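Novice: any chance you can model this:
(chains A and B)
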Amino acid sequence: MTGIVALYIFMLAAFTGYEVIAKVPVILHTPLMSGSNFVHGIVLVGAMVALGNSHTLLEKVIGAIGVFMAAGNAAGGYVVTERMLEMFKSSGGKRKSGGH
Amino acid sequence: METSVLGADGRLWLIQASYFVTAFLFIMGLKRMSSPVTARSGIVWAGAGMLVATLFTFLYPGMGNYEWILPAIILGTALAWISGRRVAMTDMPQMIALYNGFGGGAAAAIAAVELYRGEAMSLTMGSLAVIGGLIGAVSFSGSLIAFAKLQGLVKRSFRFGGQQLLNVVILLGALAVGAFIAAGWHHDPFHVSLFFVLALVFGVSMTLPIGGADMPVVISMYNAFTGLAVAFEGFVMQNAAMIIAGTVVGSAGTLLTQLMARAMNRSLGNVLFSGFGDTGGAAAEGGAVTGSMKPIDAADVGVMMAFAQKVIVVPGYGMAVAQAQHKVWELCQLLIDRGVMVRFAIHPVAGRMPGHMNVLLAEAGVPYDLIADLDEINAEFETADVALIIGANDVVNPVARTDKSSPIYGMPILNADKAKNVIVIKRGQGAGFSGIENALFYLDNTRMLYGDGQAAASQLIQAVKAV
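Specialist: Predicted coordinates:
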């Protein structure tokens, strides 16, 4: 990947992120923040490659901490987002089921 | 190490293809998450993308250290999965902060591995690694402080004279050391360590003075930071999935942060540097409020609501803390069965983050079409017989419309004071989260129902049943 292609990717991705969020109702702000928090858990693949190519003990320890945290970011972000979104249901049909 | 069916080129091609699919699934997932109807499937799409990318990454030619990689993945996934399952809905914001900090820390760790390795990098690559490492480390330590504050582990805000100056000095120090590293002049472990220590300290010192009420904006900002850090490290590792996902989150997160700050009528700079988020000095200026608070008992409120045509409930974070949302919904169902029209009015910053209150109400079983936001509902207060305020304070304070000297002047509020009757459920007579006296409580059409949110809601249920 040459530098200029990487820059194009960067610019287009930045506009994509902006457009995807721009018209979101307030009720979805928190789930979306949580969802985007999950998406940057992709740092896991970078951490895996960094650790996979490590040689000294110091590199391996830092790399392992990185992989551990990245996996936590991805898994935690997924669970929390999924739990929040699970609750979105309309009143159609299920109106009476709310009380315990 | 090559033991495969496929050659190294074939594997690299497969990995690139899988990252392409991942980028597509992420963007589609986020797109689906931006509408309530499709939101639930959105996270599944994004999750599938993450799974694809992770599995194919194991194919990287020349990778080793699987005895380190696998335990780290399994441990990180398991711990986060369990904690994410167990956490109560009210505590979601700090968990987001925690997981976000982990992401930033992981980006910083990638930078650290590359920089400690000490191999010669081009100036561009070196700079990107350093900047990504800086942003990631700041996001890591800053998010942990945000987590600690929301979790109640750190109670007070630490402020002292010259604090901003000290922060600037620390940041400049980190940047200077980083520049030396990137330029290849001081490419040794000592300077790399110094760089990361300065970055981590900056994250802490920048976040400590910010008050609890402003934390959501700060968490959202660090979320965008982590995205950017991931994108920068993606450049260094020539990893398109990281560049795209990180950049999308970076820009989406920046926009979300602006939307949140605007909903609180603050600029981002104001949030970061003014320190109004908790009991600021402005709190004392509530002197203009006159009159007295008039109490009422639950039985009277029950009758009033049972014979109303329209009731608007204004919930605040206090309701969630008292775990009263289930009782409140039970009360509303009784009213709906009696033919009363019930709506929930949600201020953009009700709860701890925009949309947090919607999630809490949804958890209690309130259908989302009974929930209205500020723009939809404000005109309806004039036709409402009862506005029931439970656990909300500053977001219904009419001073924001009238008193130019008030720190919240200009903040959009819910016009609960326009309702024929206003009932405020409140634990005691104290001021709100911001410490500002609430003029609504002293109005002629306002009555105070003192008590814990959950107990008060239970009393109201009994009172309506008794009618």
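
Novice: please count neighbours and contacts with C-alpha atoms only from this point.
Specialist: Will do.

Novice: which helices and strands sit right next to the helix ranked longest in chain A?
Specialist: Secondary structure assigned by DSSP state H gives helix A:57-86 as the longest helix of chain A. Using 3 or more CA pairs under 8 Å, 6 or more residues apart in numbering or on different chains; DSSP states H and E as the contact criterion, the elements in contact with helix A:57-86 are helix A:29-39, helix A:43-52, helix B:39-57, helix B:66-86, helix B:92-117.

Novice: any chance you could map the strands in chain B?
Specialist: Ranges of strands in chain B, per DSSP state E, are B:310-315, B:341-346, B:371-373, B:386-390, B:421-426, B:446-450.

Novice: and residue B:390, what is it in contact with?
Specialist: Residues touching residue B:390, when contacts are defined by CA atoms under 8 Å, 6 or more residues apart in numbering or on different chains, comprise B:313-316, B:318-319, B:424-426, B:453.

Novice: top of the residues you listed by neighbour count?
Specialist: Each of these was scored for neighbours by other CA atoms under 10 Å in any protein chain shown, and residue B:315 scores highest at 28 neighbours.

Novice: so what's the residue nearest to it when sequence neighbours are not counted bridging to?
Specialist: Counting by CA to CA, 6 or more residues apart in numbering or on different chains, the nearest residue to residue B:315 once its immediate chain neighbours are dropped is residue B:390, at 5.0 Å. In this structure, residue B:390 has the following beta-bridge partners (DSSP bridges): residue B:315, residue B:425.

Novice: residue B:454 versus residue B:390, what's the distance?
Specialist: With distances taken as CA to CA, to the nearest Å, residue B:390 is found 10 Å from residue B:454.

Novice: ditto for residue B:93
Specialist: In this structure, residue B:93 and residue B:454 are 22 Å apart, going by CA to CA.

Novice: out of these two, which sits in the busier spot?
Specialist: Neighbours were counted for residue B:93 and for residue B:454 using other CA under 10 Å; residue B:93 has more, 25 against 21.

Novice: I figured the more buried one was touching residue B:216, is that so?
Specialist: Yes - contact between residue B:93 and residue B:216 holds when scored by CA atoms under 8 Å: they sit 7.3 Å apart.

Novice: so where's chain A shaky on pLDDT?
Specialist: Judged by pLDDT under 70, chain A has its weakly predicted residues at A:1, A:88-100.

Novice: once you drop chain neighbours, what's closest to residue 21?
Specialist: No chain was given, so I picked chain A. That would be residue B:252: by CA to CA, 6+ apart, it lies 5.9 Å from residue A:21.

Novice: you answered for a different chain; I wanted chain B.
Specialist: residue B:49 (6.9 Å).

Novice: kindly report the same for residue B:222.
Specialist: Ranked by CA to CA, 6+ apart and with sequence neighbours excluded, the top spatial neighbour of residue B:222 is residue B:139, at 5.2 Å.

Novice: distance of the one you found relative to residue A:29?
Specialist: The span separating residue B:139 from residue A:29 equals 20 Å under the rule CA to CA.

Novice: also residue B:176?
Specialist: Taken as CA to CA, the span from residue B:176 to residue A:29 is 37 Å.

Novice: higher neighbour count, these two?
Specialist: Using other CA under 10 Å as the criterion, residue B:176 and residue A:29 rank with residue A:29 on top: 24 against 13.

Novice: contacting residues for residue B:35?
Specialist: If you count contacts by CA under 8 Å, 6+ apart, residue B:35 has them with A:24-25, A:28.

Novice: ditto for residue B:145
Specialist: B:154, B:204, B:207-208.

Novice: any quick ChimeraX command for the buried ones out of those residues?
Specialist: Selection command for ChimeraX covering only the buried members of the contacts of residue B:145, criterion 16 or more other CA atoms under 10 Å in any protein chain shown:
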select /B:204,207,208
